[in-house]
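*Asks:* pasting the sequence and the predicted model now:
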Amino acid sequence: MKKYLLIISLAFSSILSAQSPIEVGQMQLNGGVGFSNYGLPVYLGLDYGLMDDISIGGEFSFRSYNDNIFGTKYRHSIIGISANGNYHFNTLLNLESKYDVYAGLNVGFYVWSSSNNYPGGRASGLGLGLQIGGRYYFTENWGINLEIGGGNAASGGKIGISYRF
């Protein structure tokens, strides 16, 4: 009986053990597509474990879409370069390392170009935003990611895949 209790308690403690999803000095590559009112953004980013439960990162995004205003067709493209910082709640919530729940801030610069002298023009400029997201690592290194937020290249959200190395 003591053996069974020991095995059950060891199994249960390994399930509940919290570990940071991105260790200090570890990097993670992210890529995917976003949700936006302005086309379908694609993104590629890199996160770095700065300290326990805190990561910083950068992201490159691109999207293009078409408008038709009073019979005139316009083509728009937006390129974004941004930086982000996230707090990972795994330790606080006592989550397994295969899960990653985070929230943070982002700041970026977006270059918006439009064809045919688009009326009212869209301006390039600085973007500030917040994000909250989660990942599920289905292997030691590979995971899927879902994030919602605003103010960034994929305002509304994004879905993608992550590889930590």
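*Replies:* Thanks, I have it.

*Asks:* so Leu105 is in which element?
*Replies:* If you go by DSSP states H and E, Leu105 is part of strand 99-114.

*Asks:* give me the phi and psi for the residue nearest the centre of the chain.
*Replies:* Geometric centre of the chain, nearest residue: Glu147, 5.5 Å, by C-alpha atoms, centre = their mean. Backbone dihedrals for Glu147, given as degrees, to the nearest 10, come out at phi -140, psi 140.

*Asks:* bridging residues for it?
*Replies:* Beta-bridge partners of Glu147, counted by DSSP bridges, are Gly133, Lys158.

*Asks:* offset the numbering so it begins at 822, please.
*Replies:* Okay, using 822 as the starting number, the last item reads as Glu968.

*Asks:* ok now do it, which residues does it touch?
*Replies:* By C-beta atoms under 8 Å, 6 or more residues apart in numbering, Glu968 lies in contact with 952-955, 975, 978-980. Glycine gets a C-beta too; all of them are placed from N, C-alpha and C.

*Asks:* ok, then the element right after the helix or strand bottoming out on mean pLDDT in the chain?
*Replies:* Least confident helix or strand of the chain, by mean pLDDT, DSSP states H and E, is helix 823-837 with a mean of 42. Remark: after helix 823-837, the chain's next helix or strand is strand 848-856, criterion DSSP H and E.

*Asks:* work out the gap between that following strand and the centre of the chain.
*Replies:* 6 Å (C-alpha atoms, centre = their mean, to the nearest Å).

*Asks:* ok and that strand relative to strand 920-935, angle-wise?
*Replies:* 60 degrees (axes from the mean of the first three to the mean of the last three C-alpha atoms, to 10 degrees).
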